[in-house]
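Participant: requesting a structural model of the entry that follows:
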Amino acid sequence: MSIEVLLNEFKEAAASPAKLLKEYKAAGKKVVGVLPYYAPEELVYAAGIVPMGIWGSNTKTINRAAALAVIAYVPGLSGQGDAPLTESQAAGWEMFDAGIAAQTFCLAARDLGIGTCILGIFDAGAAGRLLELEGLRPACLIAMGYPEQWKNGPGRKETEELLSFR
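Facilitator: Residues are numbered from 1 along each chain as shown. Got it, this is the predicted structure:
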């Protein structure tokens with residue numbers, strides 16, 4: 001079987017995981033959903049079960065959002081201005097800065113009564129072309145809107161439980 005045929009099979013399976021799941025079940029196979037980066041797939045296979053990744057796309061969230069923001073970065077540059085990254089920082093340090101920017105953006109939006117959702121799974125290439133981000137790379141999208149109601153998260157721990165000086 002050629003590489004091209006295999007790649008087309010992978011592409012088809014990725015495009016329609018529900019179809020693949022039905023095929024596995026019709027063949028009498030047991031299937032379990034796994035988070036792709038954390039599952040010991042070897043153990044799942046050893047138990048006679050087929051692991052299926054249960055990540056998804058953010059297409060519905062993107063389509064339903066009242067507005068979207070894009071956090072983009074210049075590859076190889078960090079928050080230190082025009083100075084290039086040092087060798088120890090070169091492996092993705094700008095993504096750290098993008099994360100800080102996304103967090104700050106979301107906190108400011110919340111203060112204005114705007115709900116946000118940071119989306120890291122999206123077609124970065126398509127977003128870059130659509131938005132004409134020449135020289136920039138999108139790190140994440142932020143879906144925004146006015147929530148019908150706010151849901152409170154879990155209670156906060158006291159600072160002393162989280163921070164210590166030694």
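Participant: what bridges to Cys117?
Facilitator: Bridge pairing for Cys117 (DSSP bridges) gives the partners Ala143.
Participant: so who does it touch?
Facilitator: Contacts for Cys117 (Cβ atoms under 8 Å, 6 or more residues apart in numbering) come out as Thr61, Ala65, Ile142, Ala143. No exception for glycine: its C-beta is placed from N, CA and C like everyone else's.
Participant: and of those residues, the nearest to Leu136?
Facilitator: Using Cβ to Cβ, Ile142 comes nearest to Leu136 of the contacts of Cys117, at 15.6 Å.
Participant: skip the chain neighbours and tell me the closest residue to the closest one.
Facilitator: Using Cβ to Cβ, 6 or more residues apart in numbering and skipping the chain neighbours, the partner closest in space to Ile142 is Ala69 (4.3 Å).
Participant: which SSE is Tyr45 in?
Facilitator: Per DSSP states H and E, Tyr45 falls inside helix 41-46.
Participant: which strands and helices sit next to that helix?
Facilitator: Secondary-structure packing of helix 41-46 (3 or more Cβ pairs under 8 Å, 6 or more residues apart in numbering; DSSP states H and E): strand 30-34, strand 49-53.
Participant: ok, then the element right after the last one?
Facilitator: Later in the chain than strand 49-53, the nearest helix or strand by DSSP H and E is helix 59-64.
Participant: off-centre distance for that following helix?
Facilitator: Distance of helix 59-64 from the chain centroid (Cα atoms, centre = their mean, to the nearest Å) equals 14 Å.
Participant: buried residues of that helix, list them for me.
Facilitator: Neighbour counts over helix 59-64 (16 or more other Cβ atoms under 10 Å) mark Thr61, Ile62 as buried.
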